[in-house]
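[1] Sequence and predicted structure are below.
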Amino acid sequence: MTTTTLAVLVPVLPFLGAAAGLLLGRTAPGFVRPLAVLPPLASLVLAALVAVRQDGGQAIDAHTRLTPTGSVPIELALHIDGFAALVAVLVAFVVSCVQLYSTGYLRDDPRYPSYAALVSLFTSAMLLVVYSGDLIVLLVGWEVMGICSYFLVGHYWETPQARAASLKAFLVTKLGDVPFLIGLFALATDAGSFRVTRVLATVANGGLHHPTVIALLLLAGVAGKSAQFPLHTWLPDAMAGPTPVSALIHAATMVAAGVYFVARLLPVFEASSAAMLVLAVMAAVTMTGSALAALAQDDIKRVLAYSTIGQLGYMTGALAVGDRGAAVFHLLTHGAFKALLFLAAGVIIHAAGTNSLAAMSRTSHLRDRVPDAYWTMTVALLALAAIPPFSGFFSKESVLGAAEHAATGHTDRVPGGAGWIVLVAGLATALLTAAYATRLWLLAFRGRGAEAPDHGRQPLVMNAVLWVLAVPSLALGGLAYRVLPDWFDGRDLTPTLTTSILGTGLAVVGGLVTYGAWQRTTALAGRVPLGAVAAHPEGDAALVEAEAIASHEPVYGDVAYAPDPADPGRLLLGPLHRHAAVGFHLDALCTALFVRPVLAGASLVRFLDREVVDTYVHGAAALPRLLGAAVRRAQTGNVQTYVSALLAGTVVLAVAVLLVATGA
């Protein structure tokens, strides 16, 4: 079987599985789980074969004309380079794990057949984006992912949070997709084709007439799909969906699509220095702002959601300094450990009976209830914090190394300012990432208080998937930087000394400072009355306790306590905490700038339609109706009345004629 045929089957098999799952979901429910799991596993095998045959060498290209358009042709094309081959393996691997995990996680869900079918369709769409060599075909997969995310995020449609989150995700991403579509048409107009290879050839020959406009239009769609500032607000709210859906969206589909798109068409963006600078600023704001927000979240899934936004910021930062190899390298390692984080969080939530880290911190021995989730999540959090030798260290260091390379003027493809922006923001985010990762681990697994509830052990398949994902979370980075440089444009991925020391040192500092803050707040937990804190001029719990001890006044007893006193995030962020907890009010700002004006405009249109247009229409109909009523009253059917009216009319006419004649 040819490599092209194998590549075509990779996205087709999940699509066929989705169609069969929808058809047989009610009539043959016993086939639903095999149809959910086997197609992505088969796609994983085929994607691995395609990657082995491609071997990081010459790109595999194949195309056929879909239909004559009369202008720019649309072709069903494949373009599989090293990046596409590796990303397809990641997608199929993570989706296979998610589908296996879901068979246990949603084993009692009556809507599991539709859920599994949508996940398979989601997978097919992402694989189409990865392998497509034509931008219009890529756009089809891009939009199918959007509608699948709408249905999957709203899986629990009975809850208002899920309905609102699915609608928000759809609308915000569509807000970016409109300029994205315009940018694609502008790009194809300049290149004379939607084929990726011809577009890149046009860029190499200097054939783009408006590179800045095109790049900025495309970036709007990337910001929406990959949850980058300012279109990132939908991703934390999307946590209202099932936890496996969160793992799917965050690790291998949807948000990865935007980063992958820029990596594939990076020369288009490099043709404009302004676009690269905008990309750098967008990445810097995204990664630092989301890391601060993650440090203030109470919902464990929202912490991970903001973490995803920040890690995507690293990827776009690498692209902003012209290194797509570092971006895709971090995309691969992040896909493994972020899928593990979400799936482990699902086990923890089931065991604790809550998403709240504050509630978990008041529960003891939770880690003993979920030993598999405890150990595997510890591995994933160390990878997220970029602690060597875990995979996240190598990929994050490649991003920082690329930023240092650009900042020190070793490349003329991007402005040096972009390198400094990404480097400084990346180092600051390394500190914050370790801080919120440590906070999550401490609050979830080192709680004190009531005994953790015993909900029984999770299905074996769920725990097995966690250990499968723990392997690449631990070893993928160290393996990839040695054996895969040819797949990443030949770039050496070996960690550099300067950024390794800075990044790791800041991560260790972030973890130690958070641990110290947790110890301090834990020592005060349950000891400081809420009224005393509120009444104290400084509002400082430590001062309240010190003064109470000095005055020999009791500080224990049945009193109201300060909320979440053991949360180190409150101590570390201080006054910034309340702003970070709500995402720095960006939702409120968008509501004020966009939602309220649109609603006000809709209200005005409704008023004009009801009070003006409807009044005119009703009035135009009322006059003939009144005239008709008057004529109808005259038609009594009485002959004497008709004769009398005739005589009266004759008399009136005679008098009128007489008056006219007399006047004359």
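    Yep, it's here. Numbers count the residues shown, from 1 in each chain.
[2] average pLDDT across the helix ranked longest in the chain?
    The helix that spans the most residues within the chain, counting by DSSP state H, is helix 160-191. Helix 160-191 shows a mean pLDDT of 92.
[3] Start at 345, not 1
    Sure, I'll start counting at 345 from here, so that last one is helix 504-535.
[4] Quick one: list the elements packing against it.
    helix 479-497, helix 540-548, helix 555-569, helix 578-581 (3 or more CB pairs under 8 Å, 6 or more residues apart in numbering; DSSP states H and E). (Each C-beta comes from the backbone N, C-alpha and C, glycine too.)
[5] Dump those helices into JSON lines; add mean pLDDT as well.
    Formatted as JSON lines, the helices and strands packed on helix 504-535 follow (pLDDT from 0 to 100):
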{"stretch": "helix 479-497", "mean pLDDT": "93"}
{"stretch": "helix 540-548", "mean pLDDT": "93"}
{"stretch": "helix 555-569", "mean pLDDT": "94"}
{"stretch": "helix 578-581", "mean pLDDT": "92"}
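[6] just checking, which of the ones you listed sits deepest inside the structure?
    helix 578-581 (a mean of 25; mean count of other CB atoms under 10 Å).
[7] ok, residues contacting that helix?
    Residues outside helix 578-581 that contact it (CB atoms under 8 Å, 6 or more residues apart in numbering) are 505, 508-509, 512-513, 516-517, 571, 593-594, 599, 637, 641, 646, 649-650, 652-653, 927.
[8] Only the buried subset of these, as a ChimeraX command please.
    In ChimeraX syntax, the buried subset of these is picked out as below (16 or more other CB atoms under 10 Å):
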select :509,512,513,516,517,571,593,594,599,637,641,646,649,650,652,653,927
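[9] For the stretch 795-944 of the chain, which segments are assigned as helices?
    Taking DSSP state H, counting those that start in this stretch as the test, the helices found in the stretch 795-944 of the chain are 804-827, 841-868, 874-879, 885-894, 912-917, 921-925, 930-934, 940-951.
[10] could you dump those helices to TSV with distance to residue 404, mean neighbour count and mean pLDDT?
    Listed next are the helices of the stretch 795-944 of the chain as TSV, based on distance: least, CB to CB, whole Å; neighbours: other CB atoms under 10 Å; pLDDT from 0 to 100:
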stretch	distance to residue 404	mean neighbour count	mean pLDDT
helix 804-827	20	20	89
helix 841-868	34	18	90
helix 874-879	65	14	44
helix 885-894	63	16	43
helix 912-917	48	22	90
helix 921-925	46	16	91
helix 930-934	42	15	87
helix 940-951	46	10	88
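[11] related to what we said a few turns ago, gap between the longest helix of the chain and the chain center?
    Centroid displacement of helix 504-535 relative to its chain, using CA atoms, centre = their mean, to the nearest Å, is 12 Å.
[12] by how many degrees do that helix and helix 540-548 diverge?
    Interaxial angle, helix 504-535 versus helix 540-548 (axes from the mean of the first three to the mean of the last three CA atoms, to 10 degrees): 60 degrees.
[13] Would you mind measuring from residue 356 to residue 592?
    19 Å (CB to CB, to the nearest Å).
[14] ok, these two, which is more surrounded?
    residue 592 (30 against 16; other CB atoms under 10 Å).
[15] If you count contacts, what does the helix or strand where the more buried one lies end up packed against?
    Secondary structure assignment for residue 592, by DSSP states H and E: helix 587-595. In terms of contact count using 3+ CB pairs under 8 Å, 6+ apart, helix 587-595 is assigned the packing partners helix 426-449, helix 456-475, helix 479-497, helix 644-664, helix 668-696.
[16] can you pull the pLDDT of residue 709?
    Reported pLDDT for residue 709: 82.
[17] related to what we said a few turns ago, would you format the helices and strands packed on helix 504-535 as CSV with distance to residue 533 included?
    Putting the helices and strands packed on helix 504-535 into CSV (distance: least, CB to CB, whole Å) gives the following:
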stretch, distance to residue 533
helix 479-497, 12
helix 540-548, 11
helix 555-569, 9
helix 578-581, 30
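[18] of these, which approaches residue 737 most closely?
    helix 578-581 (24.6 Å; CB to CB).
[19] Now do the closest one: distance to the chain's middle.
    Per CA atoms, centre = their mean, the centroid offset for helix 578-581 relative to its chain is 6 Å.
[20] Then stretch 448-456?
    With CA atoms, centre = their mean, you get 24 Å for stretch 448-456.
[21] Contacts for it, please.
    So stretch 448-456 is contacted by 376, 446, 459, 499, 586-588, 690, 802-806 (CB under 8 Å, 6+ apart).
[22] Make JSON lines out of those residues and add distance to residue 847.
    As requested, the contacts of stretch 448-456 are exported to JSON lines (distance: CB to CB, whole Å):
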{"residue": "376", "distance to residue 847": "45"}
{"residue": "446", "distance to residue 847": "35"}
{"residue": "459", "distance to residue 847": "39"}
{"residue": "499", "distance to residue 847": "38"}
{"residue": "586", "distance to residue 847": "34"}
{"residue": "587", "distance to residue 847": "30"}
{"residue": "588", "distance to residue 847": "31"}
{"residue": "690", "distance to residue 847": "30"}
{"residue": "802", "distance to residue 847": "35"}
{"residue": "803", "distance to residue 847": "38"}
{"residue": "804", "distance to residue 847": "38"}
{"residue": "805", "distance to residue 847": "36"}
{"residue": "806", "distance to residue 847": "33"}
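[23] Looking at pLDDT only, which of the residues you listed scores worst?
    The member of these with the lowest pLDDT is residue 802, at 79.
[24] So that residue sits against residue 715, correct?
    No - the criterion here is CB atoms under 8 Å, and residue 802 misses it with residue 715 at 10.9 Å.
[25] So for those two, which sits in the more crowded spot?
    Using other CB under 10 Å, the more surrounded residue of residue 802 and residue 715 is residue 802, with 20 against 11.
[26] Could you find the closest non-adjacent residue to the more buried one?
    residue 691 (5.4 Å; CB to CB, 6 or more residues apart in numbering).
[27] again, but for residue 461
    residue 365 (3.8 Å).
[28] Next one: that neighbour from residue 468, what distance?
    12 Å.
[29] give me every residue that touches residue 807.
    Here residue 807 is in contact with 691, 716-717 (CB under 8 Å, 6+ apart).
[30] shaky segments in this structure?
    798-800, 868-909, 1007-1008 (pLDDT under 70).
[31] Spatially central residue in it, please.
    residue 579 (4.1 Å; CA atoms, centre = their mean).
[32] Against residue 645, how distant is that residue?
    11 Å.
[33] Run a quick neighbour tally on the residue nearest to residue 802.
    27.
[34] separation between it and residue 451?
    14 Å.
[35] now residue 804
    In terms of CB to CB, residue 804 sits 12 Å off from residue 451.
[36] how far out from the middle of the chain is the helix holding residue 592?
    Using CA atoms, centre = their mean, the offset of helix 587-595 from its chain centre is 9 Å.
[37] what angle sits between that helix and helix 479-497?
    150 degrees.
[38] Next, the contact list for residue 978, please.
    residue 989 are the contacts of residue 978 under CB under 8 Å, 6+ apart.
[39] any idea how far residue 618 is from it?
    The separation that residue 978 has from residue 618, given CB to CB, amounts to 79 Å.
[40] Same question for residue 611.
    15 Å.
[41] Looking at these two, which one has more neighbours?
    Taking neighbours as other CB under 10 Å, residue 611 and residue 618 compare with residue 611 leading, 18 against 13.
[42] Show residues contacting the helix or strand encompassing that one.
    Using DSSP H and E, the element containing residue 611 is helix 610-614. With contact meaning CB under 8 Å, 6+ apart, helix 610-614 is reached by 531, 543-544, 547-548, 552, 555, 558-559, 562-563, 606, 619-620, 623, 663, 666, 668, 757-758.
[43] After it, which helix or strand is next?
    With DSSP H and E, the next secondary element past helix 610-614 is helix 617-638.
[44] Could you check the angle that next one makes with helix 841-868?
    30 degrees.
[45] Buried residues of helix 617-638, list them for me.
    So helix 617-638, judged by 16+ other CB under 10 Å, has buried residues 617, 619-638.
[46] Noted, bye for now.
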